[in-house]
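Undergrad: Next one to model:
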Amino acid sequence: MSTHHSPQPLHFNAFVMNTTSHIHHGQWRRPDAGQTEFTDVNTWINLAQTLEAAKFDAMFFADVVGHYGDADADYSVYVNEGLQIPSNDPTVLLGALAVSTEHIGLATTSNVFQSHPFQFARQLSTLDHISGGRIAWNIVTGTQDNGSRNFGLPRLTDHAERYAWAAEYVDVTYKLWEGSWDEDAVVKDRDGSRYSDPAKVHKINHVGQRYSVEGPHLPPPSPQRTPLLYQAGSSASGRDFAARNAEAVFIIAANPEIARQQIEDTRRRAVEAGRAPEDIKFFQGLSFVIGETEEEAQRKLAEYEQYASVDGYLAHAALVDPEGRVYPPETPLKDLETNTQRGFSEWVSKAITDREPVVADIAWRSHRNNRIVGTPEQIADHLQEWQAAGVDGINVINWVIPGSFEEFADQVLPVLRERGLAQTEYTLGTLRQKLFGRDRLPHTHPAAQYRGAFADLEESVPAGV
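TA: Reported below is the predicted structural model:
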């Protein structure tokens, strides 16, 4: 009897940002770069519909709330490069995309200090209702002093303290999403004049170090209740947080072996936290240069290289010391004392073994690594190597919008489908149903402890109130 097992399809996210220059800096200058029109909602509606036709699992928006680098220094390089400034709010944009699509998942990034958890939970519940359960939240803790100052903080909070802050933040949202409304609280009883059952709607009465939230949550339970939870932290603190909370973890590993190490470590931590290893899916960030032949692919790569902005990559990779000053490019990574990008600098240090890695390597790794150049068949071969390392999906990083995604959809996805490595149709239902075969978080997730947790803590509500 054959023991051959067909491969599982990989998941694919379009990794984008509501800005001009997201990851590959300088490419906006190409004549075919539509990302310069990021303020036009039709840029994103058209792209979302293209991605949905190609059966992408989700459209994932990154975001920042300030500029990179030294908050007290000249920031003209970011403005000149369009490097995530100007940028628009992705959470608002998801509403337009939700009513313009039917199946594709829609993910937003929101920092724990940029929005109060009560307000943010309400926004995402609303979007989950509008989209029929297709919303995801990428939980981030911030990387910029300037972003922190924009919300009244003197500087970026210490790395470990940011994750303690995030732990309370998600705890508040979990209580609101999972515990405030019982499953059958909405009754729509016209004859009895009760839209909802007061005995099944609960205040959460959260009192913590940073937040005091009484509740109840204002929206009724959405199709997913808690949106699908994304997280990208790769430091030790970030992996601990992901192990407890995340359902999808984003990595930018330099090669499949480093990806394997990070995935195995995070899964081990998840088991220690009481979760199942399969409760988390891992997405590797990759960009693609696609040609019918190797020669064509190399020619196209040369064209991209002509537009690449060295200033943009260096500015994006800028690391600051404890005083907020940017480290010079020649600084050895072993000498860093930084509050940002710790995980990424750790993995770059592991990837470079023939010499002492320096800060500039982070910029060049982000530019030259994590890209696959070749024919569709060669790209499929590489993706199988990543899958063998434990990767469940790919965050597809564009050079230009919409062309990079159109090329991937037209040339690479058909080859992947022939190999069983890409879905041919959507699973019906919520984004969590599509990825995990269930609409709600499993009982092993920490949010599940709040289901029914507040019913016994309240005084009974008089009938008819």
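Undergrad: all helices of the stretch 101-250 of the chain, in order?
TA: 117-131, 145-149, 159-174, 236-245 (DSSP state H, counting those that start in this stretch).
Undergrad: Output the residue ranges of the strands in the stretch 201-350 of the chain, listed in chain order.
TA: 206-207, 212-213, 228-231, 248-251, 281-290 (DSSP state E, counting those that start in this stretch).
Undergrad: Just put those in TSV and tack on distance to Gln423.
TA: The C-beta positions use only the backbone N, C-alpha and C, and glycine is treated the same way. Putting the strands of the stretch 201-350 of the chain into TSV (distance: least, CB to CB, whole Å) gives the following:
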stretch	distance to Gln423
strand 206-207	39
strand 212-213	39
strand 228-231	17
strand 248-251	16
strand 281-290	14
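Undergrad: how about those, which one is nearest Thr141?
TA: The closest of the strands of the stretch 201-350 of the chain to Thr141 is strand 228-231. By CB to CB, the value is 9.6 Å.
Undergrad: Show me what the closest one pairs with in its sheet, parallel or antiparallel.
TA: strand 135-140 (parallel), strand 248-251 (parallel) (DSSP bridges).
Undergrad: what is the mean pLDDT for that strand?
TA: The average of the pLDDT scores along strand 228-231 is 97.
Undergrad: on that earlier part again, export the strands of the stretch 201-350 of the chain to a markdown table and tack on distance to Ser76 and mean neighbour count?
TA: As requested, the strands of the stretch 201-350 of the chain are exported to a markdown table (distance: least, CB to CB, whole Å; neighbours: other CB atoms under 10 Å):
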| stretch | distance to Ser76 | mean neighbour count |
| --- | --- | --- |
| strand 206-207 | 43 | 14 |
| strand 212-213 | 41 | 15 |
| strand 228-231 | 32 | 26 |
| strand 248-251 | 30 | 25 |
| strand 281-290 | 27 | 22 |
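Undergrad: Looking at those, spot the one closest to Phe38.
TA: Short answer: strand 281-290, nearest of those by CB to CB, at 18.3 Å.
Undergrad: so what strands line up beside that closest one?
TA: strand 248-251 (parallel), strand 371-374 (parallel), strand 393-397 (parallel).
Undergrad: Where in this structure is the helix or strand with the lowest mean pLDDT?
TA: Ranking every helix and strand in the chain by mean pLDDT, DSSP states H and E puts helix 342-351 at the bottom, with a mean of 55.
Undergrad: Report the distance from stretch 20-29 to the chain centre.
TA: 19 Å (CA atoms, centre = their mean, to the nearest Å).
Undergrad: what does that stretch rub up against?
TA: 15-16, 33, 35-36, 38, 62, 81-84, 86-87, 287, 304, 307-309, 311-313, 315-316, 366-367, 397-400 (CB atoms under 8 Å, 6 or more residues apart in numbering).
Undergrad: Please flag which of those residues sit within helices.
TA: Secondary structure from DSSP state H places Glu81, Tyr304, Tyr307, Asp311, Gly312, Tyr313, Ala315, His316, Ser366, His367 of those in helices.
Undergrad: tell me the contacts of Glu247?
TA: Leu228, Leu229, Tyr230, Asp279, Ile280, Lys281, Arg432, Leu435, Phe436, Leu441.
Undergrad: could I get the residues you listed as CSV with distance to Ile263?
TA: Converted to CSV, the contacts of Glu247 look like this (distance: CB to CB, whole Å):
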residue, distance to Ile263
Leu228, 19
Leu229, 17
Tyr230, 15
Asp279, 13
Ile280, 9
Lys281, 10
Arg432, 20
Leu435, 16
Phe436, 17
Leu441, 21
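Undergrad: with the residues you listed in mind, which one is nearest to Asp57?
TA: Leu435 (7.0 Å).
Undergrad: wait, which of the strands of the stretch 201-350 of the chain is closest to Leu51?
TA: With respect to Leu51, and counting by CB to CB, the nearest of the strands of the stretch 201-350 of the chain is strand 281-290 at 14.7 Å.
Undergrad: I'd assumed Leu47 was in a helix, is it?
TA: Yes. Note on Leu47: a helix contains this position according to DSSP: H, G, I helix; E, B strand; the rest coil.
Undergrad: What about it, how many residues nearby?
TA: Look at Leu47: counted by other CB atoms under 10 Å, it has 21 neighbours.
Undergrad: Who are the contact partners of it?
TA: Residues in contact with Leu47 (CB under 8 Å, 6+ apart) are Ala14, Val16, Met59, Ile401, Pro402, Phe405.
Undergrad: and if you look at Lys300?
TA: Applying CB under 8 Å, 6+ apart, we find Lys300 in contact with Val289, Ile290, Gly291.
Undergrad: before we move on, what about Asp392?
TA: Residues in contact with Asp392 (CB under 8 Å, 6+ apart) are Leu10, His11, Lys281, Phe282, Phe283.
Undergrad: out of everything not next to it in sequence, what's closest to the last one?
TA: With CB to CB, 6 or more residues apart in numbering as the criterion, Phe283 has its nearest non-adjacent residue at 4.3 Å, and that residue is Gly393.
Undergrad: Distance of the spatially closest residue to Gly82 that is not a sequence neighbour relative to Glu406?
TA: Sequence neighbours aside, Thr20 is the residue nearest to Gly82 in space, at 3.3 Å (criterion: CB to CB, 6+ apart). The spacing between Thr20 and Glu406, counted by CB to CB, to the nearest Å, is 19 Å.
Undergrad: between those two, who's got more neighbours?
TA: Higher neighbour count among Thr20 and Glu406: Thr20, with 23 against 16, using other CB under 10 Å.
Undergrad: just to revisit the earlier point, give me the buried entries from the contacts of stretch 20-29.
TA: Burial by neighbour count, 16 or more other CB atoms under 10 Å: within the contacts of stretch 20-29 this picks out 15-16, 33, 35-36, 38, 62, 81-84, 87, 287, 304, 307, 309, 312-313, 315-316, 366-367, 397-400.
Undergrad: residues contacting Arg155?
TA: Ala71, Asp145, Ser148, Arg149, Gly324.
Undergrad: and it, what pLDDT?
TA: On pLDDT, Arg155 comes in at 88.
Undergrad: that older thread, let me know the closest of the contacts of Arg155 to Pro220.
TA: For those, the nearest to Pro220 is Ser148 (34.4 Å; CB to CB).
Undergrad: Let me see the confidence value for the closest one.
TA: Reported pLDDT for Ser148: 92.
Undergrad: Look up the closest residue to it, ignoring the ones flanking it.
TA: According to CB to CB, 6+ apart, the nearest residue to Ser148 is Leu156 (4.7 Å).
Undergrad: Thought Asp145 was touching that neighbour, still the case?
TA: Yes. Counting by CB atoms under 8 Å, Leu156 touches Asp145, with 5.0 Å between them.
Undergrad: can you tell me which residues contact Glu81?
TA: By CB under 8 Å, 6+ apart, the neighbours of Glu81 are Ser21, His25, Gly26, Ser309, Asp311, Gly312, Ala315.
Undergrad: let's see it at 10 Å
TA: Glu81 is in contact with Thr20, Ser21, His25, Gly26, Trp28, Arg29, Ser309, Asp311, Gly312, Tyr313, Ala315, His316, counting by CB atoms under 10 Å, 6 or more residues apart in numbering.
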